[in-house]
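> The amino acid sequence is not available; the structure is as follows:
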Ligand SMILES: Cc1ncc(COP(=O)(O)O)c(C=O)c1O
């Protein structure tokens, strides 16, 4: 991996001089930060700690739990593993159903299948990108054990309505907060609002461990104990086993980097919100461009992605690419139309029309703490050029 030192003119997030991964695009979609403090933390962990389940892992868990406002945090090897292990630690069984969104990264519902349960989809809200509580209600059955709202693109789901749906029915809320580190709903950090919350630290996320990694947060002691065992081969003690578990631990060196990233997360999220506001100002009124829903006093987004909608999305993406701007589609194929889901569950076009429409219209514009105002203006100008052309 080649590294270069990037000195950005007027970076919105005040990201100082940081070594960065080199990209082919003039304006990349996202840019993970790897600074000197992270390199030193990684080196220290490698030289001084156990490489697996070293001190940094426990410290990272403690600090992440405190950050989310939960009693426990259990790290895992990925966000997918966090979701699967969270479900299994709740005692999900073979024929149990879990209701979630078809418009997410496919790991959300794959994790349900890995846990041995049945995913059931409910369509997305008319406005916005998250699963619609009213549609979830129509999918609940006697077999429903959990609902997984995904805080997609960093925008919190309508948790109060999900809590109302689940209450008194023995249904648990499992938050997929893999794209929403630090987002808030009603003054509380996401991850702490349901029975259990799951995070990913993959390299593109608002904070990363510079590799794969995940975290489960909860106030449920029994669930946390079970998750700790599942992620560590099912151990009860070194050579006794209490369940059929996995080798799904977060490596010490990654935890050491994660601790440094966590300390910077709030500043980076504030920068993302400033970038999002600048995009809104620059793009307001652009013909045929629909901006992401505004935050409400209850919901604070952390803009993991800044996603616009356009009927001419593909032309727009092409124009940006031709001009050196990296944009992306999250996600071009809704989960229910992926081959395995069509084959195994019999879904087809028309099953979830709003998710399908979104898949044809969404485009993620570059957003990361080191982007400059000038770059945001350049991207916005290019978007307007396509919007104004016939
Ligand atoms: C919404 C969502 N859920 C789950 C995952 C899975 O996380 P990971 O890639 O760490 O397994 C991701 C991340 O990529 C995600 O964006």
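Noted; the coordinates are in hand. As the structure is a computational prediction, the values presented were derived from the model and not from experiment.

> When you work out contacts or count neighbours from here on, use the C-alpha atoms and nothing else.
Will do.

> which residues of this structure score low on pLDDT?
The chain contains residues with pLDDT under 70 at 1-23, 390.

> Can you name the residues of it that neighbour the ligand?
By C-alpha under 6 Å from any ligand atom, the residues of the chain that approach the ligand are 78-80, 104-105, 107-108, 150, 176, 178-179, 200-202, 212-214.

> Report the buried members of these.
78-80, 104-105, 107-108, 150, 176, 178-179, 200-202, 212-214 (16 or more other C-alpha atoms under 10 Å).

> Now intersect those with the helices, please.
Members of those lying in helices (criterion: DSSP state H): 79-80, 107-108.

> want to try a markdown table for those, with distance to residue 278 as columns?
A markdown table is the format used below for those (distance: C-alpha to C-alpha, whole Å):
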| residue | distance to residue 278 |
| --- | --- |
| 79 | 30 |
| 80 | 33 |
| 107 | 31 |
| 108 | 31 |
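
> and the residue of the stretch 101-250 of the chain nearest the ligand?
Evaluated by C-alpha to the nearest ligand atom, the stretch 101-250 of the chain has residue 200 as its residue closest to the ligand, separated by 4.1 Å.

> And that residue, how close does it get to residue 246?
Separation of residue 200 from residue 246 (C-alpha to C-alpha, to the nearest Å): 17 Å.

> Over to residue 164?
Residue 164 sits 34 Å away from residue 246, going by C-alpha to C-alpha.

> And those two? Which one has more around it.
Between residue 164 and residue 246, residue 246 has the larger neighbour count (other C-alpha atoms under 10 Å), namely 17 against 11.

> For that one, give me its contacts.
Contact partners of residue 246, counting by C-alpha atoms under 8 Å, 6 or more residues apart in numbering, are 230-234.

> quick one: which of those sit in helices?
230-231.

> so which of the contacts of residue 246 is the most crowded?
In those, the most neighbours by other C-alpha under 10 Å go to residue 230, 28 neighbours.

> Residue 244 is in contact with that residue, correct?
Yes: if you go by C-alpha atoms under 8 Å, residue 230 and residue 244 touch, sitting 7.1 Å apart.

> Residue 129 should be in a helix, yeah?
No: under DSSP: H, G, I helix; E, B strand; the rest coil, residue 129 sits outside any helix and is assigned coil.
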